[in-house]
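Undergrad: need coordinates for the below:
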Amino acid sequence: ISRAEAAFARERPCAPASPRVMLYVPVLLATAFSGPLARPRPAARAAASMSSRYSKEVGVQPPLGFVDPLKLTETADFDLLRLAELKHGRVAMLAIVGHLVTAAGVRLPGDLATGLPFSAVPPGLKALSVVPEAGLLQIVLFAGFLELFVMKDVTGKAEFPGDYRNGWIDFGWDKFSPETKLKKRAIELNNGRAAQMGILALMVHEYINKDPYVINALIGQPVGGFS
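TA: Below you'll find the predicted structure:
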C-alpha cells in the first residue's frame with residue numbers, strides 16, 4: 001500500500017454501524033452464553049406432570065395442594081408412601097393421647113415390673129430411663145408383631161392403602177357414601193399429620209427445657225412431672 005493510500009485511509013471517517021446491526025449484537029451475545037431459555041427443563045416438566053397426576057388424591061387440598069419437595073413420588077410407589085404416612089400418623093395420634101393421659105397423672109393399677117409400680121413411671125421421655133430394658137424390648141417386639149402379622153391387608157379386599165378391616169371391623173364404613181368416605185380419609189390424614197408435628201414438638205420442648213407444654217406455662221397453667 002502506498003503512502004498516499006495509507007494517508008487517505010487515516011483521514012477517511014468510518015461509516016457508523018447500522019441501527020439494525022447494533023440491535024443484533026446484544027442478542028447474539030446473549031444467545032452465545034445462554035441456553036434456550038424458553039424451553040422448559042425436563043425436571044420442571046416432570047414435576048408438573050407429577051403434580052397433575054396426584055392433584056386429585058386424598059389429602060391434596062388448599063392452601064398447599066400437592067407437596068413433594070424431595071421428589072419421592074418420582075421414584076417410589078405412591079401407595080407405599082401413602083401407607084407409610086398413614087402408619088406414622090396413626091402411631092403419632094396414639095402417642096399424643098398417651099402423652100396427654102400420662103401428663104394428667106392417669107396410670108394403670110399394679111406394677112410395671114418387680115418393685116416398679118405404674119404410678120412411679122414419669123410421663124414423657126423420662127419414662128424411657130425408668131422402664132427396664134426387658135420392658136423396652138417387649139414394646140419393640142410387640143410393634144414388630146403388629147407390623148408383620150396384624151396391620152396388613154390379609155384378605156386382599158382393601159379399598160385404599162391402610163385399610164386393615166379385613167372383613168371383621170367396619171363401624172358402618174360400608175354404609176357411607178363415596179363422598180363421606182373421602183372426607184373421613186382426609187380427616188384421618190390431616191389429624192395424623194398434625195399429630196406427627198405435635199408429638200415431635202412435645203419431645204423437642206421436653207428435651208430442651210423439661211417443659212413440653214410451654215403454652216400452658218405461658219398462660220399460667222404449667223404441667224408438672226417433667227423436671
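Undergrad: mind listing the helices for the chain?
TA: Secondary structure of the chain, counting by DSSP state H: helices at 3-11, 19-32, 42-53, 78-103, 133-145, 178-209, 214-218.
Undergrad: buried residues in stretch 109-127, which are they?
TA: Residues of stretch 109-127 classed as buried: Leu112, Val121, Pro123, Gly124 (neighbour count, 16 or more other C-beta atoms under 10 Å). No exception for glycine: its C-beta is placed from N, CA and C like everyone else's.
Undergrad: what does stretch 195-207 give?
TA: By 16+ other C-beta under 10 Å, the buried positions in stretch 195-207 come out as Ala195, Gln196, Gly198, Ile199, Leu202, His205, Glu206.
Undergrad: let me have the buried residues of stretch 109-127 in JSON lines, extended by distance to Trp173 and pLDDT.
TA: As requested, the buried residues of stretch 109-127 are exported to JSON lines (distance: C-beta to C-beta, whole Å; pLDDT from 0 to 100):
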{"residue": "Leu112", "distance to Trp173": "36", "pLDDT": "91"}
{"residue": "Val121", "distance to Trp173": "36", "pLDDT": "94"}
{"residue": "Pro123", "distance to Trp173": "34", "pLDDT": "93"}
{"residue": "Gly124", "distance to Trp173": "35", "pLDDT": "93"}
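Undergrad: Pro63: which of these is nearest?
TA: Checking the buried residues of stretch 109-127 against Pro63 with C-beta to C-beta, the nearest one is Gly124 at 33.1 Å.
Undergrad: which residues touch that closest one?
TA: His99, Thr102, Ala103, Leu202, Met203, Glu206, Pro212, Gly225, Phe226 (C-beta atoms under 8 Å, 6 or more residues apart in numbering).
Undergrad: need the max-distance pair from those residues.
TA: Farthest pair in the contacts of Gly124 (C-beta to C-beta) is Met203 and Gly225. Separation: 15.1 Å.
Undergrad: how near is Ala103 to Ala127?
TA: Distance, Ala103 to Ala127, by C-beta to C-beta, to the nearest Å: 11 Å.
Undergrad: how about Leu200?
TA: Computed as C-beta to C-beta, the Leu200 to Ala127 distance reads 17 Å.
Undergrad: many thanks, we can stop here.
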